[in-house]
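1. Sequence and predicted structure are below.
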Amino acid sequence: MLIVFRYLTREILLTMSAVAGVLLLVIMGSRFIRYFTDAAQGELPLSALGSLMLFHMPSFMELVLPLAFFIAILLAYGQLYLNSEITVLVACGMSPNRLLQVTLLPALLIAAVVGACSLWLTPYGALHNERLIEQQKSQLDFSLLTPGRFQDFGSGRTAYTQSLNDDHSRMEDVFISEQGKGSDGGQQVVTRAESGYQTVDPKTGSRFLVLSNGTRYSVDPGSPVAERLAFGSYAVRLSTDGETDIGDDTELMSTAKLIDQGDDESMAQLQWRLSMPLMVPILTLLALPLSRVNPRQGRFAKLLPALFLHVSYLSLLLAAQDAIARGSLPAGVGMWPIHGVYLLLGLILLRRDQRQGGR
C-alpha cells in the first residue's frame, strides 16, 4: 500500500508542479510587465523589481496552488483511468474510500503551504512591497527623474527638472508642486528654483532637497491671495528614513491584527485568508469523481466543467468577501455556507461515482 501511495502522490505532485509552473509564469509575467512599465516611466527604480517580485510570490502561490492541485488530480487520475490502472487498483482491493484517504494526504500538505502563505507570508510580502513603493514615491530620487517630464511621486507631490548634470547629482531648472500639510492645510505649494541637489541628515536620516535661487508660492484654491517667498537657499524635506504611510488597508494587516480589530472589513479579509487553505480539501472531493473518465471520452472531457466549478467557487467567495466588508452580509454567516455547499456537492458527486461503478 505504501508503494501505491507513493506512486499516486508522485503522479499528482508532478502534474501539479507542471501546471503551477505554467500558471505562475503567466501571472508573474503579467505582474513583471506592469512593474517594468512603471520603472520605464520613472516611477520605480529597476533595482527594486527583483525584491517586488520575490515578495509577491506568496500571493501568487496561494491562488495558484489550489487550482494547480485541482487540475493535477483531474489530469493525473484521468490518465490512470484511461490506462485502466485505477480499475486494477480497485480489483486488487483499493476501495474508493482508501483512494480518497491517499489523495487527501498530499491535499493536506498543500493546504498547509497555502495556509502559511495566506495567513502570514502574503500579508507580510504585501506590506513590504507597499512600503517599498511608497518609499520610492516619497523620495524624490534623482535616479527616477527623467529630464523634461512632470513626474508624480505620491503624497500629492509632482516634480520637474529641465536637465541633470553628467553624474546626476544636481538638477537644473527645478519645479516642485505639492499639497500643503500641517499648518498649510489644503494649500497648494509651488516651488521653482535654478538648481537643486539632495542631501541626507546623518543624525536623523531625513532626506532634503536643497534648492538655490528660487521662489516659493503658497496658494489656497479659490482664494485670490497667495504667499510668495524668494530665497537664495531653501531645503525641502523629502522623507525620513523608514517613514511610510500605508493607511488601514486590511490586505496589509497581519492576521493577528485582523482578529484584534474585529470590524467588518477585517473579518472579510480574515475569512478570505482562512478560505484559501480550506478550498484545497474541498476541491479534492470535487476532483476525485470528476476525474473518472472512460477511454472514449479522453482525460480532458470533464476539465472544462471542472474549471467552471472552480471559478464559480472562487467568484462566490470574492462576492461574499465584498458583501461582508460592506456590512450587507453578517460576518457570523460569512463565507462558511459557500464552503458547506461545495463540500456537500463534493460528497454527493463522490457517492454518485461509487454507485455508478467507482467501487
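-> Now that the structure is in, tell me what you want to look at. Numbers count the residues shown, from 1 in each chain.
2. which SSE is residue 163 in?
-> strand 158-164 (DSSP states H and E).
3. Next SSE downstream of that strand?
-> strand 171-179.
4. which of the residues in the helix or strand just after that following strand are buried?
-> Sequence order places strand 188-200 as the next helix or strand after strand 171-179, per DSSP H and E. Burial within strand 188-200, assessed by neighbour count using 16 or more other CB atoms under 10 Å, is assigned to 188-193, 195-196, 198. Yep, even glycine has a C-beta here, placed from its N, CA and C like the rest.
5. and residue 266, what does it touch?
-> With contact taken as CB atoms under 8 Å, 6 or more residues apart in numbering, residue 266 is in contact with 250, 253, 257-259.
6. I'd like to know which of those are part of helices.
-> With helices taken from DSSP state H, the overlap with those comprises 257-259.
7. which of those residues are buried?
-> For the ones in helices among the contacts of residue 266, a burial check counting by 16+ other CB under 10 Å picks out residue 258.
8. Can you tell me which of the ones in helices among the contacts of residue 266 is closest to residue 320?
-> residue 258 (16.2 Å; CB to CB).
9. Model confidence for residue 29, exactly?
-> Confidence per residue is given as pLDDT, and for residue 29 that number is 91.
10. and after the helix or strand it falls within, which helix or strand comes next?
-> Under the criterion DSSP H and E, the helix or strand holding residue 29 is helix 2-40. Proceeding C-terminally, helix 2-40 gives way to helix 49-82 as the next helix or strand, assigned by DSSP H and E.
11. Buried ones in stretch 25-32, by neighbour count?
-> residue 27.
12. Dump it to CSV, restricted to CA.
-> Extracted C-alpha coordinates of stretch 25-32, given in CSV (Å, rounded to 0.1, in the frame of the first residue of the first chain):
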residue,chain,number,x,y,z
LEU,A,25,4.8,32.0,-15.4
VAL,A,26,1.7,33.7,-16.8
ILE,A,27,0.8,35.6,-13.6
MET,A,28,4.3,36.6,-12.8
GLY,A,29,4.9,37.7,-16.4
SER,A,30,1.9,40.0,-16.2
ARG,A,31,3.0,41.5,-12.9
PHE,A,32,6.6,41.9,-14.1
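13. Kindly state the beta-bridge partners for the spatially closest residue to residue 233 that is not a sequence neighbour.
-> Taking CB to CB, 6 or more residues apart in numbering, and ignoring the residues beside it in sequence, residue 233 has residue 212 as its nearest neighbour in space, at 5.6 Å. With DSSP bridges as the criterion, the beta-bridge partners of residue 212 are residue 195, residue 233.
14. Good, we can wrap up now.
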